[in-house]
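**Q** only geometry, no sequence info:
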């Protein structure tokens, strides 16, 4: 965080002043201090100051002998990151190569730090659009982290038991998938590269799910899933690019169902929804669960979208809201434990002991019921409609204006701004409902699973039509056509 970097810099500079005034310091300690100061400036996006302190650190650390090798490796990595941040990738690669040489001299056996340097080298080549070189280093990194992993082999989860190492392997696998995708786009005739990219992303999703299951707290799982959402977005985009989305089997794969435990957040949400519906959890507890989730979404959105805080009263308000969010997560964790303890069917379905297939979900829906799942990325909204008779998958491109409209919508309802509300409401209906309208014939009940900012949209209030002069109460709201639940 910005304030953490500022605090770290304050104390590092204070230590520097003490060293300078004492006239009795060892050069190694001062060299380490300058490396740390340079790293903080790098996090503050000030590469020029960072490079200045790295240069001073180099003068104090001296030559890279056996005693100081680890410090010189850290210094080289810092130099590499600073030059990369300055747009000079050749210099970045030079220092990464130097760090690799030092590491090899210290320990000829390749280890996790070697894998990390290979990944950084791959990232540098990615920034230079040198996809082949990037692939070479990503493959080297993967080989160090998991020598037994082979192409399209989904065994990383069984072989790698260290969660930190597994996460790093997953990151490299995701980076490699992106390099394959970029190379495939550059060479259109090599469509197999894009398909290999798709397979890598799917394997990465499987590993992410394994890592997510390792978290004991539901709140931690939700936060982790948010940090990995970009992977899900890329999978869906590539799936649309290389596959025929009119094929139900292909759409089902994109939806996240796979016998080889390929999965994504969409299916997990579906499983949880169905688990709650068929496991006999009392309605009052389900309503409590929904209310807590909605309040977490509302407060979290308000907390992170808030403008920079200036006054003491604003600081107090934001602190109170942060404490409220923490308290809500604790309440939600407690409620989930009640669900799992009192309803074993819920646990089996949600955590994968019992896997619900797409056909199983469709069977659980009544003849007049449909489920709509939304997945939001920075540039598109993916819409999945599931009913007994239909399985529709649509991708709707969006821009910052649409995202702003979504965030503004609930505020317009709160202040009763009828004119702007009607306009945005109709736009949202066109974006969120119209694309899957064909699947809503003969449907009377809708189960809606929103995503991100959409969780703040009361879908009941969306307007299907806009006729000049019509009274607000006469508009065709979504709630007039469907019984809606979330």
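**A** Great, that's in hand. Here the structure is a predicted model, which is why all the values come from computation and not from measurement.
**Q** and residue 384, that one's in a strand?
**A** Yes - assignment of residue 384 by DSSP: H, G, I helix; E, B strand; the rest coil places it within a strand.
**Q** in the protein, which helix or strand is least confident?
**A** Lowest on mean pLDDT, DSSP states H and E among the helices and strands of the chain sits helix 156-159, with a mean of 50.
**Q** ok, then the element right after that one?
**A** Once helix 156-159 ends, the next helix or strand along the chain (criterion: DSSP states H and E) is helix 163-186.
**Q** how distant is that following helix from the center of its chain?
**A** The chain centre lies 14 Å from the centre of helix 163-186; the measure is C-alpha atoms, centre = their mean, to the nearest Å.
**Q** how about that helix, which residues are buried there?
**A** Buried positions in helix 163-186, judged by neighbour count with 16 or more other C-beta atoms under 10 Å: 166-184. All C-beta spots, glycine's among them, are computed from the backbone N, C-alpha and C.
**Q** stretch 231-241 now?
**A** By neighbour count on 16+ other C-beta under 10 Å, the buried set for stretch 231-241 is 231-240.
**Q** from the residues you listed, which is closest to residue 134?
**A** Checking those against residue 134 by C-beta to C-beta gives residue 234 as the nearest, at 15.9 Å.
**Q** where does that closest one fall, secondary structure wise?
**A** Assigned by DSSP H and E, residue 234 belongs to helix 229-242.
**Q** can you check what angle separates that helix from helix 163-186?
**A** 30 degrees (axes from the mean of the first three to the mean of the last three C-alpha atoms, to 10 degrees).
**Q** pLDDT of helix 229-242, averaged?
**A** Averaging pLDDT along helix 229-242 gives 75.
**Q** for stretch 196-211, same thing?
**A** The predicted model gives stretch 196-211 an average pLDDT of 81.
**Q** quick one: it to chain centroid distance?
**A** Going by C-alpha atoms, centre = their mean, where stretch 196-211 is centred and where its chain is centred differ by 13 Å.
**Q** got it, and stretch 57-75?
**A** Offset of stretch 57-75 from its chain centre (C-alpha atoms, centre = their mean): 37 Å.
**Q** equivalent analysis for stretch 96-112, please.
**A** What separates the centre of stretch 96-112 from the centre of its chain is 32 Å, taken as C-alpha atoms, centre = their mean.
**Q** next: stretch 83-90.
**A** Distance of stretch 83-90 from its chain centroid, counting by C-alpha atoms, centre = their mean, is 26 Å.
**Q** now do that stretch: distance from first to last residue.
**A** 8 Å (C-alpha to C-alpha, to the nearest Å).
**Q** what does stretch 407-423 give?
**A** One end of stretch 407-423 sits 14 Å from the other (C-alpha to C-alpha).
**Q** residues touching residue 331, list them.
**A** Contacts for residue 331 (C-beta atoms under 8 Å, 6 or more residues apart in numbering) come out as residue 292.
**Q** host element of residue 340?
**A** Residue 340 belongs to helix 312-342 when assigned by DSSP H and E.
**Q** so for that helix, mean pLDDT?
**A** Averaging pLDDT along helix 312-342 gives 74.
**Q** from residue 326, how far off is residue 320?
**A** Distance, residue 320 to residue 326, using C-beta to C-beta, to the nearest Å: 11 Å.
**Q** same check on residue 128?
**A** 43 Å.
**Q** now do residue 283
**A** Separation of residue 283 from residue 326 (C-beta to C-beta): 27 Å.
**Q** ok, those two, which is more surrounded?
**A** Between residue 283 and residue 326, counting by other C-beta atoms under 10 Å, residue 326 is the more crowded of the two (11 against 7).
**Q** nearest to residue 146 among the buried residues of stretch 231-241?
**A** Checking the buried residues of stretch 231-241 against residue 146 by C-beta to C-beta gives residue 231 as the nearest, at 18.2 Å.
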